[in-house]
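In: This is the structure alone, sequence omitted:
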RNA sequence: GCCGAUGUAGCUCAGUGGCAGAGCAUUUCCAUGGUAAGGAAAAGGUCGUGAGUUCAAUCCUCACCAUCGGCUCCA
């Protein structure tokens, strides 16, 4: 964020605090930083409940107060003075105490008639610069982000230097809302969520299933080309498996339990596939000549996510991973990583999504969170860093983001609205193979422990879909579109010709929808456009006479006359066009 | 899990302490159409679920369920 925007947003957080404290004198303001595109401010509101309905009043008060603000004066004060100034605010007192302990200077600012504890960094000209803001939402947030602490009321707002930028941002929010995958998913009939099946358990329609299968086919085909082979594992398993792997201690609360009525077996729904794949590896002795061994399996795993965390397809309880596990010798790690990085680059380039890599390493200050020897971790992290450099990845290191069994590369993927998502994640694992006693015999005839590499290209099909639907706003490329062609006969006189064309499409494995309803042409075109079908074929007397079809490419937005009109072409020419586009994944 | 909001027809949403409403979608009929909604009629509801207050609850109260905005978490 540029410094200027940060200053004005931070200043607005103060202004919001001032307004809320004027309207509700008992409110205690906690912290209020600038964030991307705006700011927030936390309050302890006591028993008062604030809702969006209060926003007009708050915004009005903010503008009133703003008129009295001139310059932010930042003053350093003693701990005792600061404590006196904020004696009624336990949050500020806690901050003062912490700052004092860390030996930081304590600074206050007062732009007019509102004293606040603050490190500084404000707008130089509040009258002029703080005009373009809007309050957006109210939410709960734990004090200092710790769920053991009290929940405060957080008010989010957005602010820009100019009215024009503010309006553009609000418009972008609206656009994002329109392409929300939950809304498009329903409109385009891709998936549905039923109360009777359960929350976080989406059901996929025929169209949504095409997307799942085509995406998976692509994901697996890229890896198959580099030697990964499919395996299969069942969906329930004895819980001992996860006790051995170490997952039970860490994630036991999120496992779905399954009880056998025949035996005393305590089973669980599998929350991941790595232990299963390790058991396949362990099914017979392995030699160094067998390595690397590359398994892949796209399968659904089940995790009991906390209720409030479920969200459309982005966070679900039935998660379909396009998973793979590779067992190799330490000196093969680099080669495997290179292959996985190659695959990831191709995959995301196909979808037009730029990549950035986050190297998720352990937090050196909190070694208890991780299993395995420190020296192994260090070695693994060095290898990842080295590979990232060699591949010219746009990368950054994030300490404390590692999985408990090893460091990983999280690929951050940028969508067309500029939002970043974490999808593909090659993860190195030095811990689990040892726990399961996996071995291979090296050239000297000695048993060694292999290294395991976890990797899912999409991450999960559901999560990838949630991002991708919004990335393309429902306009899937031809090779992916569940319905590729809308066949629109002008009237029932033309149905027979339309059916003949449809037969040809069937022979070429093209996916089409026939608009046979007795509706007007305009209506049928509208419906096909609203379904984001890539090509619309209109056929009437003229087309029959010419043994042709009239082709209209999908419009990308609102109606604008005959946009996308490609004119009449012979059926063969159209088929050829489809073939080319599909094979090139355009 | 926590804070807040919401839940009325398949969808989007009005509305009321006293027989439940619209638009779109659906069905039927009329219209046979040339590039984003032709016309008419019908059908469609335990007003999220359960309890309480009341002569009477879709409306008020409580609990639960689900959804949404966030927080925390995310193998």
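Out: Great, that's in hand. All values derive from a computational prediction rather than experimental measurement. Numbers count the residues shown, from 1 in each chain, chains lettered A, B, ... in the order given.

In: isn't residue A:138 right up against residue A:58?
Out: No: contact between residue A:138 and residue A:58 fails when scored by CB atoms under 8 Å: they sit 10.0 Å apart. (Glycine included, C-beta is placed from N, CA and C.)

In: now the helices: where do they sit in the stretch 301-450 of chain A?
Out: A:333-350, A:374-390, A:432-435 (DSSP state H, counting those that start in this stretch).

In: hang on, the earlier thing: give me the common contacts of residue A:138 and residue A:58.
Out: Common contacts of residue A:138 and residue A:58 (CB atoms under 8 Å, 6 or more residues apart in numbering): residue A:155.

In: What's opposite the residue nearest in space to the middle of chain A in the beta bridge?
Out: Nearest to the mean C-alpha position of chain A, by CA atoms, centre = their mean, lies residue A:421 at 4.0 Å. Beta bridges link residue A:421 to residue A:413, judged by DSSP bridges.

In: Next, the contact list for it, please.
Out: Contact analysis of residue A:421 by CB under 8 Å, 6+ apart lists A:412-415, A:463, A:467.

In: The same query, at a cut-off of 7 Å, please.
Out: Residues in contact with residue A:421 (CB atoms under 7 Å, 6 or more residues apart in numbering) are A:412-413, A:415, A:467.

In: hmm, back to that, dump the helices of the stretch 301-450 of chain A into CSV; add distance to RNA strand B and mean neighbour count as well.
Out: Output for the helices of the stretch 301-450 of chain A, formatted as CSV (distance: least, CB to the nearest atom of the strand, whole Å; neighbours: other CB atoms under 10 Å):
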stretch, distance to RNA strand B, mean neighbour count
helix A:333-350, 15, 18
helix A:374-390, 15, 16
helix A:432-435, 10, 20
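
In: So for the nearest residue to residue A:504 once chain neighbours are set aside, what pLDDT did the model give?
Out: Spatial nearest neighbour of residue A:504, excluding adjacent residues (CB to CB, 6 or more residues apart in numbering): residue A:571 at 6.5 Å. pLDDT, residue A:571: 96.

In: count of neighbours near residue A:571?
Out: Counted by other CB atoms under 10 Å, the residues lying close to residue A:571 total 18.

In: contacting residues for it?
Out: A:501, A:504, A:547-549.

In: Please identify which pair of these lies farthest apart.
Out: A:504 and A:548 (12.8 Å; CB to CB).

In: the more surrounded of those two?
Out: Here residue A:504 and residue A:548 are compared on neighbour count by other CB under 10 Å; more neighbours surround residue A:548, at 20 against 13.

In: I'd like to know the beta-bridge partner residues of that one.
Out: Taking DSSP bridges, one obtains residue A:570 as the residues bridged to residue A:548.

In: Also residue A:321?
Out: Per DSSP bridges, the residues bridged to residue A:321 are residue A:299, residue A:460.

In: still on that earlier bit, if I look at the residue nearest to residue A:504, how far off is residue A:357?
Out: In this view, residue A:571 and residue A:357 are 47 Å apart by CB to CB, to the nearest Å.

In: What are the buried residues along stretch A:182-199?
Out: Buried residues in stretch A:182-199, counted by 16 or more other CB atoms under 10 Å: A:182, A:184-185, A:188, A:190-191, A:193.

In: Do any residues in that stretch lie close to RNA strand B?
Out: Yes: Stretch A:182-199 comes into contact with RNA strand B (CB under 7 Å from any atom of the strand), by way of A:182, A:186, A:193, A:195, A:198-199.

In: Number of residues surrounding residue A:520?
Out: The number of residues packed near residue A:520 is 11, by other CB under 10 Å.

In: Show me which residues of the stretch 451-586 of chain A sit near RNA strand B.
Out: Residues of the stretch 451-586 of chain A lying close to RNA strand B (CB under 7 Å from any atom of the strand) are A:454, A:490-493, A:517-523, A:525-526, A:529-530, A:536, A:538-543, A:550, A:552, A:555, A:557-559, A:561-562, A:565.

In: Which of the residues you listed are buried, as a ChimeraX select command?
Out: Written as a ChimeraX command, the selection of buried residues from those, which uses 16+ other CB under 10 Å, is:
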select /A:454,490,525,529,536,538,539,540,543,550,552,555
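
In: Now, the residues of the stretch 451-586 of chain A next to RNA strand B that are in strands?
Out: Among those, the members falling in strands (DSSP state E) are A:454, A:536, A:538-539, A:550, A:552, A:565.

In: Sticking with residue A:470, tell me its helix or strand.
Out: Take DSSP states H and E as the rule and residue A:470 turns out to sit in helix A:461-471.

In: what helices or strands is that helix leaning on?
Out: For helix A:461-471, the contact count by 3 or more CB pairs under 7 Å, 6 or more residues apart in numbering; DSSP states H and E identifies helix A:181-187, helix A:206-224, strand A:318-328 as packing neighbours.

In: if you set the cut-off to 6 Å instead, what comes out?
Out: Contact here means 3 or more CB pairs under 6 Å, 6 or more residues apart in numbering; DSSP states H and E; on that basis helix A:461-471 packs against helix A:181-187.

In: Would you tell me what the next helix or strand after the helix it packs on is?
Out: Of the helices and strands lying after helix A:181-187 in sequence (DSSP H and E), the nearest is strand A:191-192.

In: Which helix or strand lies directly C-terminal to that following strand?
Out: strand A:203-204.

In: For that following strand, which strands pair with it and how are they oriented?
Out: With DSSP bridges as the test, strand A:203-204 is paired with strand A:191-192 (antiparallel).

In: Give me the residues contacting the partner strand.
Out: For strand A:191-192, contacts defined as CB atoms under 6 Å, 6 or more residues apart in numbering pick out A:185, A:202-204, A:208.

In: Quick check: residues of the stretch 301-450 of chain A near RNA strand B?
Out: Residues of the stretch 301-450 of chain A lying close to RNA strand B by CB under 7 Å from any atom of the strand are A:303, A:305-312, A:315, A:403-404, A:425, A:427.

In: which of these are buried?
Out: Listed as buried from these are A:303, A:305, A:310, A:312, A:315, A:403-404, A:425, A:427; burial here means 16+ other CB under 10 Å.

In: May I see these arranged in a markdown table, with pLDDT as well?
Out: Shown next, in a markdown table, are these (pLDDT from 0 to 100):
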| residue | pLDDT |
| --- | --- |
| A:303 | 92 |
| A:305 | 87 |
| A:310 | 88 |
| A:312 | 91 |
| A:315 | 91 |
| A:403 | 84 |
| A:404 | 81 |
| A:425 | 87 |
| A:427 | 90 |
